[in-house]
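Visitor: Generate a structure from the sequence data that follows.
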Amino acid sequence: MKLDGIDIKILHELQKNGRITNVELAELVNLSPTACLVRVKRLQAEGYIEGYAAQINARKLGQTLTVFTEVTLKNHRQTDFARFQSAVDKIDQLRECHLVSGGYDYMLKFVTASVGEYQAIMERLTAMDIGIDKYFSFVVLKSPIVRSQMPLTSLFPA
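Guide: Take a look at the predicted model:
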């Protein structure tokens with residue numbers, strides 16, 4: 001399915017406000033409500049829209065710790081990457097896992113309740129023999145800019 005500018009605008013508006021009504025969305029993208037709904041349903045069916053979720057303000061709930069972790073594996077066979085990814089995928093505190101180029105293999109993002117919880121996770125991972133050679137931890141002190149929306153209209157101009 002090829003997307004046009006209106007599809008991109010629909011995705012742009014939905015990522016800003018997933019609870020927008022179809023009528024409001026249709027007005028923003030200059031479509032009739034019926035035509036807009038047809039497009040949204042098609043975008044969902046084709047997998048462009050994976051779901052809708054609430055953005056929770058964790059600071060209101062209590063204190064958390066965010067840690068970025070660089071991980072280097074001992075070996076670089078496909079089975080080594082698969083074993084590592086399978087193991088970390090089971091960790092609820094893992095928010096992101098990226099296979100990257102450069103001086104290490106993975107960049108992980110954890111959100112935990114404390115340094116102790118993070119340390120326990122890393123001790124479990126290194127004890128599991130899943131191929132970790134070394135890792136470096138970077139504790140986030142402050143996050144002055146965090147964006148959850150992608151700049152769709154500039155990434156994919158009509």
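Visitor: Residues contacting the worst-scoring helix or strand of the chain on mean pLDDT, please?
Guide: Ranked by mean pLDDT, DSSP states H and E, the weakest helix or strand in the chain is helix 58-61, scoring a mean of 90. Contacts of helix 58-61 with the rest of the structure, by C-beta atoms under 8 Å, 6 or more residues apart in numbering, involve 64, 111. Where you see a C-beta, it was placed from the backbone N, CA and C, and this is true even at glycine.
Visitor: Let's see that helix as CSV, backbone CA atoms only.
Guide: Only the C-alpha atoms of helix 58-61 are listed here, as CSV (Å, rounded to 0.1, in the frame of the first residue of the first chain):
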residue,chain,number,x,y,z
ALA,A,58,5.8,8.2,35.7
ARG,A,59,7.0,11.1,37.7
LYS,A,60,3.5,11.5,39.2
LEU,A,61,3.6,7.8,40.3
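Visitor: Name the next helix or strand following that helix along the chain.
Guide: strand 65-73 (DSSP states H and E).
Visitor: hey, what's the most centrally placed residue in the chain bridged with?
Guide: For the chain, residue 96 is the residue whose C-alpha lies nearest the centre (C-alpha atoms, centre = their mean; 5.9 Å). Residue 96 has these beta-bridge partners by DSSP bridges: residue 109.
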